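Chemist: This is the structure alone, sequence omitted:
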């Protein structure tokens, strides 16, 4: 079969995205494609007629008749030329408009799907590989349209025209051409399918190598600092080692295809010359019909090549397009209830009730209970891996718990919209990732409706003013990919400015001052004390000095609360917190 059911299903999706969204434009493209191909075949007819006129002149020597005939043919040629020029002008415009309508739509649709997938699923994907898939999917739409214009349309429109003309000359030429197509096309398709399967298998390898290249470029500073350029080049070289072998295998397939089709073509050309000569000497066809037959056979060969190329490209296009469609087919497990309402946070009371949660088959929390009163500042401490950051992730509902519930102001977060939930909480994360944009826009990101005065106020309160004023472009300075042009402390202060600008009732500070020096930390702490006043605040910290002034300090160990109290009372207990304090003040932690 030309296409199996799987291919047909892929084509249906492509049809939905490209054609159904652009019905009139696609009909216009088909109309002008027909004109293009009919005018192309008309040129062969004109050439054959010119040969006939000159042949008649050699017999009659009637110059006036020749001039009249040539004048008429030139008038027809002008009409053909104008029609051809209009269609060649219109086709690219139609294609450009279809691409313009479709490419942004599918890119936004793919990005939307990715953004609403579960956090764990997104984190398991390589960024570079994802970008490669997105680009390849949108590029496949463009390739589909140009494949139609330059390969499919010539065959679909031109081939029937050729066969009709051959039938009008002599049915034997029609039979010869149909035999030629019936042998040449299956042979060609066999090789095209083989090549397409190789490309389909190669795409995941290309995605993987792109992902590795992306990782290298993002981590260019560690590469240089550790002087690992050679190691990095070797690592990338291994990921693209398959390319020479792939192209060699593909070239062998296409070489065999070229040899086979060339032999078939020459064989049937010989048959056509023989039959044409036989009919001509029997006066069954004229010299112009013989010439037209040879021109049409040549055009048949070209159309057959176009068709086979179109099918091969279609296999590749469907494989490229399907990569993106698989993203659309992925389902999120963390979804809003059908009747989910927007959360209303007035006080900021947070309750973890009998929360059980496992991650990658490891139990993190088991019937965990914890209450945070409105406006309370809670310090959360413990060794690395104790479950501190997981607590914040569950509050944002980045993961769903196995049992129990988490509520804010008495509202189960599982029954409210994720968007409204996350819009009610500010986060200053441990690792601040920034967009490759200006400092100003990175801060504005947390509250896009803010005005300039509010952004500058947040900059000032986050102790960023002095640093920003030292820059030539001030707050319009580009921070580089992921904020690579800034220090860790500068990135963290931008994150704090984001939280200030967001102005939420609940604030989570996840190692918010870990990248700051002691002097700056003191200044920032004063700022944080101001912005957290009257707000429910969860401060996750490894550095205990950060949580000393908290209303309540919670000590975690293996997903369980082992101690609760303020700084002084916990030191008096001489338990886990006192042990951590002792190690830290001695410089061990």
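Modeler: Sure, I can see it. In this text, all values refer to a predicted model and were calculated from it rather than measured experimentally.
Chemist: wait, doesn't residue 21 sit right on residue 101?
Modeler: Yes - counting by Cβ atoms under 8 Å, residue 21 does reach residue 101; the two are 6.3 Å apart. Quick note: C-beta positions are derived from backbone N, CA and C, even for glycine.
Chemist: what residue ranges in the chain are flagged as low confidence?
Modeler: Applying pLDDT under 70 to the chain picks out residues 1-7, 52, 55-62, 118-129, 218-227, 385-386, 512-521, 523-524, 559, 585-589.
Chemist: Just the buried residues of the helix or strand containing residue 262, please?
Modeler: Using DSSP states H and E, the element containing residue 262 is helix 242-281. Neighbour counts over helix 242-281 (16 or more other Cβ atoms under 10 Å) mark 246, 250, 253, 257, 260-261, 264-265, 268-269, 271-272, 275-276, 279 as buried.
Chemist: and of those residues, the nearest to residue 96?
Modeler: Using Cβ to Cβ, residue 250 comes nearest to residue 96 of the buried residues of helix 242-281, at 30.6 Å.
Chemist: From residue 557, how far out is the nearest residue to residue 202 once chain neighbours are set aside?
Modeler: Setting aside the residues directly before and after it, residue 202 is nearest to residue 246 in space (Cβ to Cβ, 6 or more residues apart in numbering), at 5.3 Å. Applying Cβ to Cβ, to the nearest Å, the value for residue 246 to residue 557 is 52 Å.
Chemist: still on that earlier bit, what distance separates the helix or strand just after the helix holding residue 262 from the centre of its chain?
Modeler: Remark: after helix 242-281, the chain's next helix or strand is helix 287-329, criterion DSSP H and E. Relative to its chain's centre, helix 287-329 lies at 27 Å (Cα atoms, centre = their mean, to the nearest Å).
Chemist: What helices and strands are in contact with helix 287-329?
Modeler: Packed against helix 287-329, as judged by 3 or more Cβ pairs under 8 Å, 6 or more residues apart in numbering; DSSP states H and E, are the following elements: helix 5-18, helix 23-60, helix 63-115, helix 127-147, helix 159-169, helix 171-218, helix 242-281.
Chemist: In CSV: these, plus distance to residue 349.
Modeler: Shown next, in CSV, are these (distance: least, Cβ to Cβ, whole Å):
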stretch, distance to residue 349
helix 5-18, 47
helix 23-60, 55
helix 63-115, 30
helix 127-147, 38
helix 159-169, 74
helix 171-218, 40
helix 242-281, 57
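Chemist: which of those is buried the deepest?
Modeler: helix 127-147 (a mean of 19; mean count of other Cβ atoms under 10 Å).
Chemist: Summarise which helices and strands the helix or strand just after that one is packed against.
Modeler: Toward the C-terminal end, the helix or strand that comes next after helix 127-147 (DSSP H and E) is helix 153. Where contact means 3+ Cβ pairs under 8 Å, 6+ apart, helix 153 is packed against helix 23-60.
Chemist: what residue is smack in the middle of this protein?
Modeler: residue 134 (1.8 Å; Cα atoms, centre = their mean).
Chemist: Name the nearest residue to that one, ignoring sequence neighbours.
Modeler: Excluding the flanking residues, the one nearest residue 134 by Cβ to Cβ, 6+ apart is residue 110, at 5.4 Å.
Chemist: Show the contacting residues for residue 434.
Modeler: Counting by Cβ atoms under 8 Å, 6 or more residues apart in numbering, residue 434 touches 442, 479, 482, 483, 486, 491, 494.
Chemist: Actually, residue 362.
Modeler: Residues near residue 362 by Cβ under 8 Å, 6+ apart: none.
Chemist: phi, psi of it?
Modeler: phi -120, psi 130 (degrees, to the nearest 10).
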